[in-house]
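Colleague: have a look; sequence and predicted model below, questions after that.
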Amino acid sequence: MSGTNVYSGVSDRMETAMSLPPAAFRDKAVFEAETDRIFRRQWMPVARVEQLAEAGDFLTLDLAGVPLILSRDEEGALHALSRVCRHRSMPVAEGEGNVKAFTCPYHLWRYGLDGRLLSAPAMERSEAFDQGKCGLPSFPVDVWEGFVFVNLDMEAAPLAAALEGLMPLVAEDGLADMRIVSSLTFPSPWNWKVLVENFIESYHHIGPHAESLQQSNPAFGTYVPELPEGTNFTALENPPVEGADPFSVYVGFPAFLLVVLRGETTSAVWYRLDIRDEASFDLTINILMKEPEASDAELVAGTAEVLRHIHIEDIAVCDGVQAGLSSPAAAAGPLSHLERGLWHFHRYLKRVTGNG
Ligand code: FES
Ligand SMILES: [Fe+2]
């Protein structure tokens, strides 16, 4: 099995839903098809606006193999620019910071924060050189509730269309008023879908989280709310025991992973995936809070410790699953009703890869 036909067997009914065939996680051809049809065509969350607060702020990232700069120009507009010089392909920026312009280190061509070529030394004798045509290519970028999304497809429909179903579910949570107060990073040697699937079911609270989340938000009480047919997101409610707090899990497919904690105050956790290849990605767990909690160093540190502990519990099973998937005896297995979100995810994959 190769390419995207690994999704052709995804069931139309939850009652007969199965996990994906192992090839969906381990085949290079599947990952290449996902890169082409998903990561380069869908809106991908890449940053928070507070990371690009001032004119001249920029950060760099690689999205689906495309080196990018995210920048804020003097007028306050955000840009997602190709990071590759239009002269001879040297990356024009690294890391993050605040600049007036991007100067390529090779022959010092200078680009504005909006990607326009500002100057290029000793090019006046070239008849092939047209300054107006040598800007850095620019991709669609948009913001929702403080999250910056980029789409590598120039023809992409607006972000609002992609998030339409998810928006009302978090409309009251004030996500736009939050900021990143702490970030935990984990190099993750797994296929990206191993983590997405771990994230969207709480059935496993009875396993790796038996002493943590199972005590506060027991697995068998968790449920997926009614969602419209053909949804491009899923949600999972985690009701608490007496004295604990509820939390909700949201995944905007393919990879916008969000937890909203609704206790006395509301906070959120954003799992940001930097997907590298079919067997690895870098995970950043970002904790988002509003004031005054955001300035409470003790609360922030305590929350980060809890999240680190929970993720370490998840690492054990994600490591195990990634290893298990490489066995020739590994095969798709039936899903519990508590894993409805996986079925939503699989149907989404089937749809966007052209299998249904
Ligand atoms: S490669 Fe950038 S200026 Fe030459
Ligand atoms: Fe977990």
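Modeller: Received, thanks. Ligands and ions are numbered 1, 2, ... in the order given.

Colleague: from here on, contacts and neighbour counts on C-alpha atoms
Modeller: Noted.

Colleague: who touches the residue in the stretch 201-350 of the chain that ligand 1 sits nearest to in this structure?
Modeller: Of all residues in the stretch 201-350 of the chain, residue 276 sits closest to ligand 1, at 25.0 Å by Cα to the nearest ligand atom. Residues in contact with residue 276 (Cα atoms under 8 Å, 6 or more residues apart in numbering) are 64-65, 282.

Colleague: which residues touch the closest residue in space to residue 98 that isn't next to it in sequence?
Modeller: Nearest in space to residue 98, with sequence neighbours left out and distances taken as Cα to Cα, 6 or more residues apart in numbering, is residue 57 at 4.3 Å. Contacts for residue 57 (Cα under 8 Å, 6+ apart) come out as 51, 71-73, 96-99.

Colleague: let's see 7 Å
Modeller: Contacts for residue 57 (Cα atoms under 7 Å, 6 or more residues apart in numbering) come out as 71-72, 97-99.

Colleague: what distance do you get for it to residue 16?
Modeller: Distance of residue 57 to residue 16, computed by Cα to Cα, to the nearest Å: 50 Å.

Colleague: near ligand 1, which residues of this structure?
Modeller: Counting by Cα under 6 Å from any ligand atom, the chain comes close to ligand 1 at 85, 87-90, 104, 106-109.

Colleague: wait, residue 69 touches residue 83, no?
Modeller: Yes: the pair residue 69 / residue 83 is scored as a contact, 5.6 Å apart, by Cα atoms under 7 Å.

Colleague: ok but the residue of the stretch 201-350 of the chain closest to ligand 1 is inside a helix, no?
Modeller: No: membership of residue 276 in a helix is not supported by DSSP: H, G, I helix; E, B strand; the rest coil, which gives strand.

Colleague: for residue 131, see how far away it is.
Modeller: Residue 276 is 34 Å from residue 131, by Cα to Cα.

Colleague: and if you look at residue 170?
Modeller: Note on residue 170: its distance to residue 131, by Cα to Cα, is 45 Å.

Colleague: counting only strands, which of the residues of the chain next to ligand 1 make the cut?
Modeller: Per DSSP state E, strands hold no members of these.

Colleague: for the residues you listed, give me TSV that also has pLDDT and neighbour count.
Modeller: Formatted as TSV, the residues of the chain next to ligand 1 follow (pLDDT from 0 to 100; neighbours: other Cα atoms under 10 Å):
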residue	pLDDT	neighbour count
85	98	26
87	98	14
88	98	9
89	98	11
90	98	14
104	98	21
106	98	13
107	98	14
108	98	15
109	98	19
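
Colleague: the residue of the stretch 151-300 of the chain found nearest ligand 1 and residue 281: what is the separation?
Modeller: Nearest residue of the stretch 151-300 of the chain to ligand 1 (Cα to the nearest ligand atom) works out as residue 152 at 22.2 Å. Relative to residue 281, residue 152 is positioned 19 Å away (Cα to Cα).

Colleague: and for residue 41?
Modeller: Distance of residue 41 to residue 281, given as Cα to Cα: 19 Å.

Colleague: now do the same end-to-end measure for stretch 9-24.
Modeller: First residue to last in stretch 9-24 (Cα to Cα) measures 11 Å.

Colleague: give the buried residues for it.
Modeller: 9-11, 14, 17-24 (16 or more other Cα atoms under 10 Å).

Colleague: my read is that residue 235 contacts residue 224, right?
Modeller: Yes: Residue 235 is in contact with residue 224 according to Cα under 7 Å; the separation is 5.7 Å.

Colleague: what about those two, which has more around it?
Modeller: Legend: neighbour count by other Cα atoms under 10 Å for residue 235 and residue 224, higher for residue 235 (24 against 19).

Colleague: any idea which helix or strand carries the spatially closest residue to that one that is not a sequence neighbour?
Modeller: Nearest non-adjacent residue to residue 235, counting by Cα to Cα, 6+ apart: residue 250, 4.5 Å away. Assigned by DSSP states H and E, residue 250 belongs to strand 247-252.

Colleague: just how off-centre is the following helix or strand past that strand within its chain?
Modeller: For strand 247-252, the succeeding helix or strand toward the C-terminus, using DSSP H and E, is strand 256-262. Using Cα atoms, centre = their mean, to the nearest Å, the distance from the centre of strand 256-262 to the centre of the chain it belongs to is 12 Å.

Colleague: just checking: what are the partner strands of strand 256-262?
Modeller: Strand partners for strand 256-262, identified by DSSP bridges, are recorded as strand 247-252 (antiparallel), strand 266-277 (antiparallel).

Colleague: hmm, back to that, would you list the residues of the chain next to ligand 1 in CSV and tack on distance to residue 267?
Modeller: What follows is those, written out as CSV (distance: Cα to Cα, whole Å):
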residue, distance to residue 267
85, 40
87, 45
88, 46
89, 42
90, 41
104, 40
106, 45
107, 47
108, 44
109, 44
